[in-house]
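Participant: Next comes the sequence, and after it the predicted model I'd like to discuss.
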Amino acid sequence: MEAETLGESGDTRSTTFDVGGALREIATTPRLTGSEGAAEVGARIKARFEATGYDVEEREFTFSPLLGRFGITAAGALYLVAVFTAAMFLYTNHPFGALALLLILLAVVGLCALFARAAIDSLPFGRQQGVNLFAKRAGSSPRYIIMAHRDSKSQPLPLAFRGPAIVLAVIVWVALVAASLVHAARPLAGTVILALGALGVIAGVILIFCWVDNNSPGALDNASGVAAALGIAAREHAAGDVAFLITDAEELGLAGARAAAPSLPAVFGVINLDGIDDDGAFYVLERFGLIRKTGLAPHLAVALLQEADARGEDISRRDLPFGIVVDHIPIVKAGIPALTVMRGSMKSLRRVHRPGDDLDHLRGDGVSKAIDLVCGALDRLRTQTRELQR
């Protein structure tokens, strides 16, 4: 499956890698954390790392999946009821009742968001066990970690709907608050109030249909990222300065990455691979949150951008889109430089978290390019380190 070849630059670490075979081993079955499919795929990934010469440590953790599976649905239902009721208060000339209800909604949702992490980690109801895989060469001291999540999930609506629905929900909430204040001094037209209420209902309904199930084989999200990590492991197996973290339960509130972050070794950076499609541009995603927090990893971003430019690959550095969370976030919060690499387009988002995210829609061309991109970036980082040490 893997054969040593001589790279264009004379790099004997270059290898051919059976991307299609790796994808078929991972994206053959839905693998929501705790399912039979998750256990089977985890064993295959571990075996592949071991066959390449890595020691693989299974790091178990427990968490409550309830918020990860139904949190957005519950928030959507609460939002729908509150916004619809507030609109009716306004329509019947009770602006202060509408304002009070909207502020209560903000307080409840804000408190839930604030304690979401603690709830996932600590709720005693329906707790499950997840397993992260940490692979490195025996006796090595890794300087870099390549990361990807192995679990998959399905939702009734594609991921492309969730971000816009959250943005619409926020806009409608702000508009209704402003309308409540204005209406107290000068009544607004009933059609305006009803239009805002209708938009709020639409946003709430979309969010309600975001519960998590186990009906997607997750080829793009994220067999592609794991396959790329395996390919990088094959290419870098003799280097000894790269370790690999394959997380579980990313789709259930980033539980695996949050469990892994405190015990990671001190490294120069973590590159998370999440969603590598055949077509579209590469994206280096670093900053996240409403108040954009840096990923502390400009050196990683620059190396990736330079390598992509040298290879003629279309790439851009962007903030993480609103409403999307990925595994590098807990790593950054633990004080370790990290970012995420993706590849794709809006078409990619339309099949993520859907039964159609299968190998009929993913050839693996982007995975091969991601392997070359990351390995080239690692070589650039090594060169920079040697130059600084002179």
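Facilitator: Ah, there it is. Quick caveat, the model's predicted, so the values are computed rather than measured. Numbers count the residues shown, from 1 in each chain.
Participant: from here on, contacts and neighbour counts on C-alpha atoms
Facilitator: Fine.
Participant: tell me the contacts of residue 209?
Facilitator: For residue 209, the contacting residues are 73, 155-157, by C-alpha atoms under 8 Å, 6 or more residues apart in numbering.
Participant: let me fix that: residue 224
Facilitator: Contacts of residue 224 were listed using C-alpha under 8 Å, 6+ apart, and they are 23, 274-277, 364, 367.
Participant: Report the secondary structure element holding it.
Facilitator: Following DSSP states H and E, the helix or strand that holds residue 224 is helix 224-235.
Participant: Now find how far off-centre that helix is within its chain.
Facilitator: Averaging C-alpha positions (C-alpha atoms, centre = their mean, to the nearest Å) puts helix 224-235 17 Å from its chain's average.
Participant: Then stretch 348-362?
Facilitator: Taking C-alpha atoms, centre = their mean, one finds stretch 348-362 lying 15 Å from the centre of the chain it belongs to.
Participant: pLDDT on that stretch, on average?
Facilitator: Confidence over stretch 348-362, taken as the mean pLDDT, stands at 94.
Participant: mind listing what's buried in it?
Facilitator: Neighbour-count burial for stretch 348-362 flags 348-359, 362 (criterion: 16 or more other C-alpha atoms under 10 Å).
Participant: The chain: strands as residue ranges?
Facilitator: Along the chain, the segments classed as strands by DSSP state E run 3-4, 15-16, 55-63, 128-136, 144-149, 242-247, 269-276, 281-285, 315-318, 338-344.
Participant: List the contacts of the last one.
Facilitator: So that's strand 338-344. Residues outside strand 338-344 that contact it (C-alpha under 8 Å, 6+ apart): 269-286, 295-297, 300-301, 326-329, 331-332, 366.
Participant: any idea of the angle that strand forms with strand 281-285?
Facilitator: Taking axes from the mean of the first three to the mean of the last three C-alpha atoms, to 10 degrees, one finds strand 338-344 and strand 281-285 inclined to each other by 160 degrees.
Participant: Equivalent analysis for the fifth one, please.
Facilitator: For strand 144-149 against strand 281-285, the angle by the same axes, to 10 degrees is 110 degrees.
Participant: for strand 144-149, packing partners?
Facilitator: Judged by 3 or more C-alpha pairs under 8 Å, 6 or more residues apart in numbering; DSSP states H and E, strand 144-149 is in contact with helix 224-235, strand 242-247, strand 269-276.
Participant: how about low-confidence regions in the stretch 151-300 of the chain?
Facilitator: Per-residue confidence for the stretch 151-300 of the chain (pLDDT under 70) gives these ranges: 292-295.
Participant: how about the helices of this structure, start to end?
Facilitator: 19-26, 36-51, 66-91, 95-114, 116-122, 159-185, 190-208, 224-235, 255-260, 298-311, 328-333, 346-351, 365-389 (DSSP state H).
Participant: I'd like the ones you listed laid out as TSV, including distance to residue 249.
Facilitator: Written out in TSV, the entries for the helices of the chain read as follows (distance: least, C-alpha to C-alpha, whole Å):
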stretch	distance to residue 249
helix 19-26	15
helix 36-51	10
helix 66-91	9
helix 95-114	18
helix 116-122	11
helix 159-185	17
helix 190-208	21
helix 224-235	14
helix 255-260	5
helix 298-311	25
helix 328-333	13
helix 346-351	20
helix 365-389	22
